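Colleague: Quick one, structure for this:
(one chain, ligands or ions: 1)
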Amino acid sequence: MTNHIVLYQPEIPQNTGNIARTAAGTDSVLDIIRPMKFEINDHTVRRAGLDYWDKVKLVFHDSLEEFLATVPDQRYLYLITKFADTTYSDADFSDTSVDHYYMFGKETTGLPEPFMRANPEKCLRIPMTENIRALNLSNCAALVTYEALRQQNFAGLEKSHTYAHDKLK
Ligand SMILES: C[S@@+](CC[C@H](N)C(=O)[O-])C[C@H]1O[C@@H](n2cnc3c(N)ncnc32)[C@H](O)[C@@H]1O
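Modeller: Next up is the predicted model:
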């Protein structure tokens, strides 16, 4: 099983850098659907991901259609959007025999409306108040990825680690 964090046409380098760090820390693949508003070598992206870039499994797709062609079973494709009525944590991400794809929209306009309208059963919302227009993209990616991992019993992650200079042991 592999978890995929999918970014649709990301616009803000710091968000992509933060998400790359989450991908590296969770052994998730980071799929980026072009066009992007910046280069992945942009120093702001690199700085946000710190020194983890060699650990990021990065895959680029030139279009939504090209990305969709790489998804083996679209039952496991989830569209993360505030417009959904289903809460993200009510989705079942627990099957560790398949690949899961969590897709997030661009910072200004989100996911393409016709694509969401055509796939309402795939859409998941992270509950929030009406005080804000939306949550931050990189926070959304971390929330959904870690909820999926929680349901997957954190498969492939270290639940504990012994550090050379441990502050608890
Ligand atoms: C800043 S938001 C985009 C806001 C945009 N105005 C829109 O129409 O969605 C960027 C992405 O973060 C995710 N997002 C932000 N808040 C969310 C929420 N409450 N529930 C689910 N996804 C959310 C979605 O994937 C969204 O496409």
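
Colleague: Would you state the strands of this protein in chain order?
Modeller: For the chain, the strands defined by DSSP state E cover 3-8, 29-33, 57-61, 77-80, 100-104, 123-124.

Colleague: deepest of the ones you listed, which one?
Modeller: A comparison of those by mean neighbour count, using mean count of other Cβ atoms under 10 Å, puts strand 100-104 on top with a mean of 25. For every residue, glycine as well, the C-beta is placed using N, CA and C.

Colleague: can you give me the angle that one makes with strand 3-8?
Modeller: Interaxial angle, strand 100-104 versus strand 3-8 (axes from the mean of the first three to the mean of the last three Cα atoms, to 10 degrees): 30 degrees.

Colleague: who does the least confident helix or strand in the chain by mean pLDDT touch, helix- and strand-wise?
Modeller: The helix or strand of the chain with the poorest confidence is helix 43-49; it has a mean of 75 (mean pLDDT, DSSP states H and E). On a contact count with 3 or more Cβ pairs under 8 Å, 6 or more residues apart in numbering; DSSP states H and E, helix 43-49 meets helix 13-26.
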